[in-house]
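> Dropping a prediction and its sequence here:
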Amino acid sequence: MVKKINPILKWAGGKRQLIPEILKLIPKNYNNYIEPFIGGGALFFYLAKNNSIINDSNKDIINLYKEVSKNPNSIIDELKKYKNDSDFFYQMRKNIPKNKLKSACRTIYLNRTCFNGLYRVNKKGEFNVPYGNYKKVSFVDEENFVNASNLLKKTKILNKDYKYVLDKYAKKNDLIFLDPPYLPISKFSDFKRYTKEQFYLKDHIELGQYFKKLDKMGCHIILTNSNTEITNEVFKDFTIKIVNTKRNINSIGSNRKGEDIIVTNF
């Protein structure tokens, strides 16, 4: 039996809690698995399908996955040198290495030690999440890391616009999982800004058009987003399921409940 692979990164808005619901929707037979907004990749790592295609506009995340696929042991050795303290954290946050392997290590370290696993940048593209002040932090699970590396070695890893990926690679009977930056439910919901380029309302509407295009091609499509009037209107021609979720990012416990939608074309 193949051991389950956990995501390498903690991820605000990650799909771990939705996996039981999403698994009910996975078709028994499909060709390639394509995820053009990979982020933390919870579903990708859970399915662990060889020859998948993953993509993200965040170059640091894609560099991380590429380096993990090539140099897992070197990354493990490097991370063992890092310290979980405030001074080291802010030094790492300030200094951006040019070396790709050390840049990958920095991404993992900041993700594991920053507040709530956020990946947020300012308009200059600079990582700006504060130190999480956790007493005990594990930078890497070595066995899981190696298993993730073996999967990533058999995966096409891209740093492109999602439209390029879908136009070039999507084919009939592929499984496409679309997990874009969610449409904010309030003006204070912009914690998922993980590239300096925003994903605006017009982008969500355009993604809805791509959903229809993929449907006509005969792809199996699963999409997640926040439950809003706009998202329900954009995807009204398809099957929409509302799922209760937890918003662990909120510091107020009573505000940690939310609703996502899971949209399918089947």
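Yes, it's here.
> now for the helix or strand harbouring Ile230, which elements pack on it?
Element membership for Ile230, per DSSP states H and E: helix 229-234. Packed against helix 229-234 by the contact rule (3 or more Cβ pairs under 8 Å, 6 or more residues apart in numbering; DSSP states H and E) you find helix 201-217. Where you see a C-beta, it was placed from the backbone N, CA and C, and this is true even at glycine.
> Could you give me the buried positions within the helix it packs on?
Across helix 201-217, burial judged by 16 or more other Cβ atoms under 10 Å covers Asp203, His204, Leu207, Gly208, Tyr210, Phe211, Leu214, Asp215.
> ranges for the strands of the stretch 1-150 of the chain?
In the stretch 1-150 of the chain, the strands defined using DSSP state E, counting those that start in this stretch lie at 33-35, 53-55.
> So which of those strands is the most surrounded?
strand 33-35 (a mean of 24; mean count of other Cβ atoms under 10 Å).
> re earlier: alpha carbons of the helix holding Ile230, as PDB, please.
Written as PDB, here are the backbone C-alpha positions of helix 229-234 (Å, rounded to 0.1, in the frame of the first residue of the first chain):
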ATOM      1  CA  GLU A 229     -23.700  35.600  -4.900                       C
ATOM      2  CA  ILE A 230     -21.100  36.300  -7.600                       C
ATOM      3  CA  THR A 231     -19.500  32.800  -7.700                       C
ATOM      4  CA  ASN A 232     -23.000  31.200  -7.600                       C
ATOM      5  CA  GLU A 233     -24.000  33.300 -10.600                       C
ATOM      6  CA  VAL A 234     -20.800  32.600 -12.600                       C
END
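> which residues touch that helix?
Leu183, Leu201, His204, Ile205, Leu207, Gly208, Asn225, Ile240, Ile261 (Cβ atoms under 8 Å, 6 or more residues apart in numbering).
> switch the cut-off to 10 Å
Contacts of helix 229-234 with the rest of the structure, by Cβ atoms under 10 Å, 6 or more residues apart in numbering, involve 182-183, 185, 201, 204-209, 211-212, 223-225, 228, 240, 242, 260-261, 263.
> Rounded mean pLDDT for the next helix or strand after it, please.
The element immediately downstream of helix 229-234 (helix or strand, assigned by DSSP H and E) is strand 239-246. Averaged across strand 239-246, pLDDT comes to 92.
> Now do the helix or strand following strand 239-246: distance to the chain's middle.
Going down the chain from strand 239-246, the next helix or strand is strand 257-264, by DSSP H and E. The chain centroid and the centroid of strand 257-264 are separated by 16 Å, computed with Cα atoms, centre = their mean, to the nearest Å.
> Please name whichever of the strands of the stretch 1-150 of the chain is nearest to Ile96.
Judged by Cβ to Cβ, the one of the strands of the stretch 1-150 of the chain that comes nearest to Ile96 is strand 53-55, at 22.5 Å.
> Show me what the closest one is packed up against.
The contact analysis (3 or more Cβ pairs under 10 Å, 6 or more residues apart in numbering; DSSP states H and E) places strand 53-55 against strand 33-35, helix 59-70, strand 156-158, helix 162-169.
> Correct me if wrong: Ile26 contacts Pro20.
No - Ile26 is beyond contact range of Pro20, at 11.3 Å (criterion: Cβ atoms under 10 Å).
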